[in-house]
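Colleague: Need a 3D model of the sequence below.
(2 chains)
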There are 2 protein chains.
Amino acid sequence: MTARPEALIERLRSIVGDEHCLAREGELFAYECDGLTLEPQRPLAVVLPAGTSEVVDVVRACRESDVAFVPRGAGTGLSGGAHATERSILIECSRMDRIVEIDAANRLAVVQPGVVNADLSSHVASLGLFYAPDPSSQQACTIGGNVAENSGGPHTLKYGTTTNHVLELEMVLPDGSLQRFGSRVGESAGLDLLGTIVGSEGTLGIVTEITVRLTPIPQAVETLLAIFDDVVAACRAVGRVIRSGVVPAALEIVDRRTIEAVEASVYAAGLPQTAGAVLIVELDGHPVSVSAEARTIREACEASGCQQIEIARDEEERKRFWRARKGAFGAMGRLAPDLYVHDAVVPRMRLPEILEKVGEICDRHRLKLANVFHAGDGNLHPNICFDRRDADELARVLEAGREILEACVAAGGVITGEHGVGTEKRDFMHLVFDEADLEPMHRLRDAFNPDGVCNPGKIIPTTRFCVEANPKARGYDRVPLG
Amino acid sequence: MTARPEALIERLRSIVGDEHCLAREGELFAYECDGLTLEPQRPLAVVLPAGTSEVVDVVRACRESDVAFVPRGAGTGLSGGAHATERSILIECSRMDRIVEIDAANRLAVVQPGVVNADLSSHVASLGLFYAPDPSSQQACTIGGNVAENSGGPHTLKYGTTTNHVLELEMVLPDGSLQRFGSRVGESAGLDLLGTIVGSEGTLGIVTEITVRLTPIPQAVETLLAIFDDVVAACRAVGRVIRSGVVPAALEIVDRRTIEAVEASVYAAGLPQTAGAVLIVELDGHPVSVSAEARTIREACEASGCQQIEIARDEEERKRFWRARKGAFGAMGRLAPDLYVHDAVVPRMRLPEILEKVGEICDRHRLKLANVFHAGDGNLHPNICFDRRDADELARVLEAGREILEACVAAGGVITGEHGVGTEKRDFMHLVFDEADLEPMHRLRDAFNPDGVCNPGKIIPTTRFCVEANPKARGYDRVPLG
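Modeller: Okay, the predicted model is just below:
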């Protein structure tokens, strides 16, 4: 534990107000990690600014005291992107939760970063609009955090990820200057940094206002649930659906182990014991086209040997179908105290072999595995249940995780689909990038965050190379300044 | 005229071969401008490399001789992005025209930058696939040039621009190093530069290989042509279509002056003399949904007071409808020797007032104006017919252009929709950005192209500020080195 910079904390209190600067031991406990619960680290203090100008003042105060700062949304991220380092201030954006403007005619909303994802859709529902990106944590996660992680969700296949819905951003740069990127009309003249900032995990600055696209609520939604003997057959159906030219809103597979866990839990969806894999297909759009597409899906599933296929008759049944998918994380929580939610992408056609390989890896390490995945996107989520108090099991979890990522990369995939790199995957970046490949990322980060004071230690692996390349780096992520 | 660097030209000849290095006066004539014919400038030489390694060698040779280089595709760009400066080498990519790989299962193609846009779609048509971005110049323009300009086209409304279809890029950086960005699976770990490179107009490096998404050819296409009394009524119909939730593949408006020019030309589409504006709507997708959507479009047009609405009965008629739009540029060519194709975006709802304002500006400057526009995107193309040999008229064209851009910006728009900034709009960047706004663009460009040796003088206005901020800048775009 290094000494607290009392003068800085006093200054932060004067900026955000006493009650919005947390620095006592008990207050900091909840902020020692995000959804990645490995390697927790308590920050020096947590500030909850009320608006952009307070963020600017906090950043300037930190810089002047040579203390790093880490932006944080709701802390639901799964790769440690909002983890503090030993000598950093957390800037928590939950008080900046105002929906600043709704422009229904141009279908856009201006929001502060602390607006909860699902709240925006509720707010504009009466206008016939919704905000399309829907991470599984959408009841809790914030749009600012979604921007940092470029969050996806079950409906990514049709609607894309956060980056496809962000029109304009206001950001406080690590030097304390305030900038806007993009434009309300969706076009921007000159060099376009918007797509680089979305998904940069808070390493280029702190986003303080976001203009997003709103999407018309589809006139009709049909949800189908198809039951297969095994995951390979379900993947075959996915291939047929994609080849048919229909683009479902969602195309999700749940494997046998997940089904067993869900059926044994309060989320039980009433699936038969013979279910070896479940494919959930959601279609939306014009009522006539949705009905036609549902027939195509039914044919694709039948041609792939499904045991049975059902179409939800009402909203109640639709929710029941989705419980098989959305209840998965809760259900697995019953199996062990800790859950490691992995995330990687492979080419869609390689899914069956990768799932087999992932199963083999976890069996060999004697780990409980369940798979749910965004099959349409080739985005895997192998979930490993474990108990972190068992050091041997924890070591096996980490080793299995490494092997899973290596297998995905060997199949032509990448190490993260939608959860980001953060601290979790940082040292796996070498699986896909050599030093020369990382060089452009260094150049970009150094252009905005040359000394690494803003969210240190995330994304880019720290190597001898990068210290040499960047003499300005002050090692915020390595050596306590104390 | 500055002295030719003979030693460099000899070295370039040895890299690409004598016949692929053009340096004689007569050979250079065709390369003195792209589709922006104002301010032509002959390069020192034009090289046509055969592949990536030759591009690397050319870039290194230029660097060692302290000579700038400018990448060029087919030269169909309209903002001068491929204009040479007095002391630069043009790197023309037309010989790099190989389709390297088609992966139908994963719906992607790997191409060299010189592949002509329309050729890729022809090549994969038998697989039931096409390459969606379709700039009006698609019979000539290359995919490398499309990447540089982030080209759109009539089908942007549904399919997006080039950036939505690029998965991975190989690029030679201005220092001669070779890098890859993005990945075949559409996800990339770490800081994502792909979206910044697409549309950076060749100022960050020279793209040498492109992996693009392919899209299934829709099962059905319906094309509707609706005739209105005036542009305001046609814009009203566009608003109704958008509010209905239908997303047409294209939603284009042609104004009265354009109709008159087209009808007087070989492109005549048989439009009635009463036509004050034509709205072309193209729908694609499942046959059942397309029919249902066509009914919605018909209702929206009728509710907005259209004179008549027709649905193309066959491919022949569909082509005839599109002649009203695609023949516009050719038809206007009959009216005067030169045509200035303007490009700007405004919020869709502001289109009627902006069109009125644009008409008023051109009337006041006694200029012949015709409007065709991507109404669904709010993307205007005011086309001014003129004769550049008439110095007074040319001055009025430039003055009117400035006023049009100012009016679009005042209406909440930006200065370019799909044609880029290049040299044409560079000095208008100040209409939307102040020096502080341009700072992140400087930082980004300086991270990759610190001395401005790669495509100098494009996008970012040259000011005292940026010389101060970037002591490494050698002024490739300002002072002849000779």
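Colleague: Which residues of the stretch 101-250 of chain A lie near chain B?
Modeller: Within reach of chain B by CB under 8 Å from any CB of the partner chain, the stretch 101-250 of chain A has these residues: A:105-106, A:128, A:150, A:163-164, A:173, A:177, A:179-181, A:183-196, A:199-200, A:203-204, A:216, A:218-219, A:245-246. Backbone N, C-alpha and C define where each C-beta goes, glycine included.
Colleague: Can you tell me which of those end up in helices?
Modeller: A:Leu194, A:Gly195, A:Thr196 (DSSP state H).
Colleague: Would you mind finding the longest helix in chain A?
Modeller: Longest helix in chain A by number of residues (criterion: DSSP H): helix A:391-410.
Colleague: Just the buried residues of the next helix or strand after that one, please?
Modeller: Helices and strands here follow DSSP states H and E; after helix A:391-410, the next one along the chain is helix A:435-448. In terms of neighbour count (16 or more other CB atoms under 10 Å in any protein chain shown), helix A:435-448 has its buried residues at A:Leu438, A:Glu439, A:Pro440, A:Met441, A:His442, A:Arg443, A:Leu444, A:Arg445, A:Asp446, A:Ala447, A:Phe448.
Colleague: and the second one, how far is that from B:Ile210?
Modeller: The one in question is A:Glu439. The gap separating A:Glu439 from B:Ile210 is 21 Å, by CB to CB, to the nearest Å.
Colleague: cool, and the fifth one?
Modeller: When CB to CB is applied, the distance between A:His442 and B:Ile210 equals 24 Å.
Colleague: now do A:Cys21
Modeller: Distance, A:Cys21 to B:Ile210, by CB to CB: 50 Å.
Colleague: quick one on the thing from earlier: which single one of the buried residues of helix A:435-448 is nearest to A:Phe329?
Modeller: A:Met441 (31.1 Å; CB to CB).
Colleague: Quick check: closest non-adjacent residue to A:Arg348.
Modeller: Using CB to CB, 6 or more residues apart in numbering or on different chains and skipping residues adjacent in sequence, the residue nearest A:Arg348 is A:Gly378, 4.2 Å away.
Colleague: can you count the residues close to that neighbour?
Modeller: The tally of other residues near A:Gly378 (other CB atoms under 10 Å in any protein chain shown) stands at 27.
Colleague: ranges for the helices of the stretch 251-400 of chain A?
Modeller: A:256-263, A:287-303, A:315-326, A:328-333, A:351-364, A:391-410 (DSSP state H, counting those that start in this stretch).
Colleague: So which of these is nearest B:Leu251?
Modeller: helix A:287-303 (18.5 Å).
Colleague: Is that closest one in proximity to chain B?
Modeller: Yes: counting by CB under 8 Å from any CB, chain B has neighbours in helix A:287-303: A:Pro287, A:Val288, A:Ser289, A:Ser291, A:Ala292, A:Glu293.
Colleague: which residues sit against that helix?
Modeller: Taking contacts as CB atoms under 8 Å, 6 or more residues apart in numbering or on different chains, the residues outside helix A:287-303 that touch it are A:218-222, A:224, A:226, A:237, A:240-241, A:244, A:246, A:248, A:279, A:281, A:283-285, A:309, A:311, B:285-289, B:291-293.
Colleague: returning to that earlier point: ranking by neighbours, what's the top pick from the residues of helix A:287-303 next to chain B?
Modeller: Comparing the residues of helix A:287-303 next to chain B on neighbour count, A:Glu293 comes out first with 27 neighbours (neighbours: other CB under 10 Å).
Colleague: distance of it from B:Val246?
Modeller: Relative to B:Val246, A:Glu293 is positioned 16 Å away (CB to CB).
Colleague: again, but for A:Leu283
Modeller: Taking CB to CB as the criterion, A:Leu283 is separated from B:Val246 by 16 Å.
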